[in-house]
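> Any chance you could fold what I've pasted below:
(one chain, ligands or ions: 1)
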Amino acid sequence: MSKLTTLDSDSQLRAQLPVQTLDLGNDLTQTLQEIVRDWTRQGTLDRLWARDAQVWTGGDEANWLDWLNAVARGREALPALSELGADLRRGGFTAALLIGMGGSSLGPEVLAKTLGAESGMLPLYIIDSTDPAQIASCEAALDIERTLFIVASKSGSTLEPDILLQYFLAKAKAALGPAAGRQFIAITDPGSKLEAFARNNSFRHIATGVPGIGGRYSVLSNFGLVPAVVMGINIEHLLTSADLMVRNCSAVTPPAQNLGVILGAVMGAAARAGRDKLTLLASPALLPFGAWVEQLVAESTGKHGLGIVPVDAEGIGMPAVYGSDRLFIDLRLEDDSDQARDQAIAALANAGNPMVTISIAAREQLAQEFFHWEMATAVAGAVLGIHPFDQPDVEAAKIQTKSLMAAYERDQILPQSPAVLVDGNLALFGAVVGNGASLESTLTKLFGQIRQGDYFVLLAYMEMNDPHMALLQSMRTLVRDKYKVATCLGFGPRFLHSTGQLYKGGPNSGVFLQITCDDDMDLPIPGRSYSFGTVKAAQALGDFQVLAERGRRALRVHVKGELETGLSVLHRTFIAALSRVDLTL
Ligand SMILES: O=P(O)(O)OC[C@H]1O[C@H](O)[C@H](O)[C@@H](O)[C@@H]1O
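Sure, this is the predicted structure:
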């Protein structure tokens with residue numbers, strides 16, 4: 001194994017930048033060197049910073065590169081942001097709820113879960129679901145009268161934030177009367193419908209986004225900075241730290257020393273060599289970073305039948321449970337390592353798996369990691385010849401959902417074909433279900449379709465909570481260990497704004513098990529003729545229809561009646577089916 005460290009050990013920068021170490025094996029190292037040589041000779045990095053769309057596909061990439069300057073803009077906005085912080089300190093709030101999807105919520109979620117609120121400032125809750133139970137749990141944790149609501153949406157027209165805003169504004173109005181708007185902040189691009197709504201409802205503050213920054217690249221703009229201010233995080237420190245990475249990734253730093261170019265070139269080279277499952281291994285304290293990386297990598301690269309499959313929070317296994325399609329990236333916090341984890345990672349590297357190690361000394365350096373990964377993803381897009389700033393297939397599921405909702409508004413029922421099979425309280429849908437089959441034989445058939453190099457995904461339209469997470473995680477681990485394939489877990493509708501793009505538009509190597517459920521309780525949406533439960537059902541249906549249209553191998557299991565009972569039956573049958581299946585890999 002050849003090892004390469006991309007900064008001199010005595011470099012002053014190295015003390016403050018992450019240390020990035022590569023252990024790639026000969027073939028990948030050679031490809032990496034070729035890419036770096038080409039980038040140097042052809043001045044590709046200069047062209048990237050000069051916003052030359054030919055670096056990628058020659059499309060409209062130049063319109064989406066304002067994230068390159070987000071840190072400088074953020075620094076200019078520091079006085080205004082500090083005024084906002086002072087105002088909030090006087091506001092008498094006890095907590096904040098951020099309403100948003102995908103790029104508008106995943107960055108703030110990382111900040112909330114890794115840095116958290118400073119004392120005296122507001123802990124940040126996030127709602128990015130239409131699941132009635134999840135909305136109810138979130139509401140139960142809040143004192144509505146003393147909650148600051150942050151509605152974050154670049155477009156200002158995304159369905160979920162729109163209806164969640166209606167819901168929580170009605171609650172706030174019921175508690176506080178017409179002054180309720182003072183409890184709300186909007187973060188949105190100029191001229192959006194949300195901006196107008198915020199004005200008309202006398203919101204406390206409206207923070208604007210930059211139209212030339214896409215959602216998944218927006219964390220270092222107001223979309224991440226305002227929630228950070230709400231939590232009392234020192235954003236001046238974050239931006240100063242991020243600025244070091246911006247400088248390292250700039251055109252002044254030659255590709256061979258440029259952390260972003262190197263990481264991106266490795267990602268692209270690995271994907272070209274069939275190692276397209278980018279498996280993030282994060283120190284426990286940095287685990288929440290993975291959900292943000294997932295969106296960035298999946299939405300940016302997963303299109304036109306190509307893409308890098310991000311694998312997040314899979315847990316680390318023995319080398320024997322992995323195929324030869326993995327690139328491992330170990331994101332570590334120096335004082336947060338334990339011996340068992342280190343040994344497991346060393347075993348993976350010793351077994352010949354390519355491994356990138358990114359080591360940071362303090363959590364605040366995640367601000368650098370945001371830019372590092374943004375640059376790397378843009379570079380990987382260039383290496384793969386992909387437009388990294390669009391998301392052509394997200395729209396397909398949205399269109400399908402819209403037409404289902406229109407049918408519901410007309411007929412008061414969601415149009416859907418009957419289940420192909422009902423096994424106890426579980427109803428099965430999808431082409432994989434055969435005549436006279438059972439849940440177990442259908443699962444066996446689905447598993448039988450998994451081939452080497454595929455990935456298996458659980459799409460769960462239910463409350464994202466610890467018990468559900470534990471059960472679903474155990475299911476994905478069983479599949480990984482038996483088939484040696486990468487596995488992913490997405491909660492709906494959250495993942496539709498993240499990995500959904502890749503699942504539909506990327507390579508047809510995904511095998512999907514969608515799990516839906518009846519809702520024990522439902523919540524009405526003020527001013528609408530439908531409930532959150534209906535929206536969630538339409539989103540799951542629309543998602544499944546698009547997966548089927550795209551020829552994806554997919555099964556839907558709907559749990560009728562009590563969710564926990566149905567899930568444990570599904571879990572047991574899943575294990576039984578796995579143990580029956582003959583390995584055909
Ligand atoms: O911020 P918004 O306009 O509400 O968009 C939220 C999300 O919507 C879509 O699903 C996009 O695919 C995501 O990239 C985006 O982050």
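> Who are the contact partners of the residue of the stretch 251-400 of the chain with the smallest separation from the ligand?
Nearest to the ligand in the stretch 251-400 of the chain, going by C-beta to the nearest ligand atom, is residue 394, at a distance of 3.8 Å. Where C-beta positions appear, they are placed from N, C-alpha and C, glycine not excepted. By C-beta atoms under 8 Å, 6 or more residues apart in numbering, residue 394 lies in contact with 299, 496-497, 500-501.
> how about these, which pair is most distant?
Distances among the contacts of residue 394 were taken as C-beta to C-beta; the most separated pair is 299 and 496, at 10.7 Å.
> So between these two, which is more surrounded?
residue 299 (30 against 27; other C-beta atoms under 10 Å).
> list the contacts for the more buried one?
102, 216, 391, 394, 498-499, 501-502.
> go on, residue 328?
Residue 328 makes contact with 279, 281, 345, 348-349, 353-356 under the criterion C-beta under 8 Å, 6+ apart.
> which one of these sits closest to residue 330?
Distances from residue 330 to the contacts of residue 328, taken by C-beta to C-beta, are shortest for residue 281, at 4.6 Å.
> if we can go back for a sec, nearest to residue 58 among the contacts of residue 299?
Distance to residue 58 across those (C-beta to C-beta) is lowest for residue 391, with 18.4 Å.
> Which single one of the contacts of residue 299 is nearest to residue 316?
Using C-beta to C-beta, residue 499 comes nearest to residue 316 of these, at 20.6 Å.
> The closest one touches residue 307, doesn't it?
No: look at residue 499 against residue 307 with C-beta atoms under 8 Å: they stay out of range, at 10.1 Å.
> Find residues that contact each of those two.
Contact with both residue 499 and residue 307 is made by residues residue 298, according to C-beta under 8 Å, 6+ apart.
> Looking only at neighbour counts, state which of the two leads.
Higher neighbour count among residue 499 and residue 307: residue 499, with 27 against 24, using other C-beta under 10 Å.
> tally of neighbours for the nearest residue to that one once chain neighbours are set aside?
Leaving aside its chain neighbours, residue 499 sits nearest to residue 298 (4.2 Å; criterion: C-beta to C-beta, 6 or more residues apart in numbering). Burial of residue 298 is recorded as 30 neighbouring residues (other C-beta under 10 Å).
> Pull the contacting residues for residue 298.
307-310, 498-499, 501-503, 506.
> mind listing which of the residues you listed are in helices?
Counting by DSSP state H, the part of these found in helices is 501-503.
> Out of those residues, which is nearest to the ligand?
residue 501 (6.3 Å).
> Give the helix, strand or coil label for the most centrally placed residue in the chain.
For the chain, the residue nearest the mean C-alpha position is residue 295 (3.4 Å; C-alpha atoms, centre = their mean). Secondary structure, DSSP: H, G, I helix; E, B strand; the rest coil: residue 295 is helix.
> Okay, and residue 151 sits in which element?
Under the criterion of DSSP states H and E, residue 151 resides in strand 147-152.
> Which strands border that strand, and is each parallel or antiparallel?
strand 95-99 (parallel), strand 184-188 (parallel) (DSSP bridges).
> what about the residue in the stretch 451-585 of the chain positioned nearest to the ligand, neighbour count?
Residue of the stretch 451-585 of the chain nearest the ligand, by C-beta to the nearest ligand atom: residue 497 (3.5 Å). Each residue near residue 497 was counted by other C-beta under 10 Å, and the total is 26.
> Report the contact partners of the closest residue in space to it that isn't next to it in sequence.
Using C-beta to C-beta, 6+ apart and skipping residues adjacent in sequence, the residue nearest residue 497 is residue 102, 3.0 Å away. Applying C-beta under 8 Å, 6+ apart to residue 102 gives the contacts 128, 215-216, 295, 299, 497-498.
> please redo it, this time with the cut-off set to 6 Å
The contact partners of residue 102, by C-beta atoms under 6 Å, 6 or more residues apart in numbering, come to 215, 295, 497-498.
> on that earlier part again, give me the residues contacting the strand holding residue 151.
Defining contact as C-beta under 6 Å, 6+ apart, one finds that strand 147-152 is touched by 93, 95-100, 104, 161, 165, 168, 183-187, 223.
> what element comes up after that strand heading to the C-terminus?
The element immediately downstream of strand 147-152 (helix or strand, assigned by DSSP H and E) is helix 159-176.
> for that next one, packing partners?
Counting contacts by 3 or more C-beta pairs under 6 Å, 6 or more residues apart in numbering; DSSP states H and E, helix 159-176 is packed against strand 147-152.
> Give the rounded mean pLDDT of the strand it packs on.
Averaging pLDDT along strand 147-152 gives 98.
> Can you lay out the ones in helices among the contacts of residue 298 as TSV showing pLDDT and distance to residue 28?
Formatted as TSV, the ones in helices among the contacts of residue 298 follow (pLDDT from 0 to 100; distance: C-beta to C-beta, whole Å):
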residue	pLDDT	distance to residue 28
501	97	26
502	98	22
503	98	26
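> Can you name the residues of the chain sitting close to the ligand?
By C-beta under 6 Å from any ligand atom, the residues of the chain that approach the ligand are 101-104, 153-155, 158, 161, 215-216, 299, 391, 394, 497.
> The stretch 51-200 of the chain: helices as residue ranges?
Counting by DSSP state H, counting those that start in this stretch, one finds helices in the stretch 51-200 of the chain at the ranges 70-76, 78-89, 106-114, 132-140, 159-176, 193-200.
> Among the contacts of residue 328, name the ones in strands.
In this view, the contacts of residue 328 that belong to strands under DSSP state E are 279, 281, 355-356.
> From those, pick the one nearest residue 61.
Of all these, the one with the least separation from residue 61 (C-beta to C-beta) is residue 356, at 25.2 Å.
> any residues touching stretch 263-280, and which ones?
Residues contacting stretch 263-280 (C-beta under 6 Å, 6+ apart): 28, 31-32, 35, 290, 293, 297, 308-312, 325-329, 356, 376, 379-380, 383-384, 486.
> Filter those residues down to the buried ones.
Among the contacts of stretch 263-280, the ones that count as buried by 16 or more other C-beta atoms under 10 Å are 28, 31-32, 35, 290, 293, 297, 308-312, 325-329, 356, 376, 379-380, 383-384, 486.
> would you turn the contacts of residue 299 into CSV with distance to residue 233?
Below are the contacts of residue 299 laid out as CSV (distance: C-beta to C-beta, whole Å):
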residue, distance to residue 233
102, 21
216, 21
391, 29
394, 30
498, 23
499, 27
501, 29
502, 30
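> Check pLDDT for those residues and point me to the minimum.
Comparing pLDDT over the contacts of residue 299, the lowest score belongs to residue 394 (87).
> can you list the domain ranges for this protein.
Structural domains assigned to the chain are 2-8+22-50+254-384, 69-233, 394-580, following automatic domain parsing.
> okay, the residue of the chain positioned farthest from its centre: pLDDT?
Taking C-alpha atoms, centre = their mean, the residue of the chain most remote from its mean C-alpha position is residue 436, at 38.4 Å. At residue 436, the pLDDT value in this model is 78.
> Just send the strands paired with strand 147-152 back as CSV, with mean neighbour count too.
Below are these laid out as CSV (neighbours: other C-beta atoms under 10 Å):
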stretch, mean neighbour count
strand 95-99, 23
strand 184-188, 27
